[in-house]
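>>> Based on what follows, work out the 3D shape:
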Amino acid sequence: MDKCIRCDGQLEKGFLIDKGDSDITRQAKWASGEPNTSLWKLSAVQSGSKTLPVITYRCRSCGRLESFANPAA
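All right, here's what the predicted structure looks like:
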């Protein structure tokens, strides 16, 4: 992946910064299923959900972001 699908500009690989509920910066992740909305749980990720790191590409010309959660990445 090296060209933007919108403007054919050059893509650069990066990641989204996810601070969550603390000041510790972590890479954003993708989770399967629905988010846990219970006030009694400490995490939005349901028990047993699969999570994958999110890799994001940014077009240097138009700024478009395209994200992927690829288990092989």
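>>> From here on, just use CA atoms for contacts and neighbour counts.
OK.
>>> tell me, what residue is most central in the protein?
Centroid-nearest residue in the chain: Val54, 3.5 Å away (criterion: Cα atoms, centre = their mean).
>>> Surely that residue touches Arg26?
No - contact criterion Cα atoms under 8 Å: Val54 and Arg26 do not qualify, at 10.9 Å.
>>> any low-confidence regions in this protein?
Along the chain, segments meeting pLDDT under 70 span 1, 19-25, 30, 32-36, 39-44, 73.
>>> can you give me the strands in it?
Counting by DSSP state E, the chain has these strands, from start to end: 11-14, 17-18, 26-27, 29-31, 51-53, 55-59, 65-68.
>>> From the contact counts, what lies against the first one?
Other elements packing on strand 11-14 under the criterion 3 or more Cα pairs under 8 Å, 6 or more residues apart in numbering; DSSP states H and E are strand 55-59.
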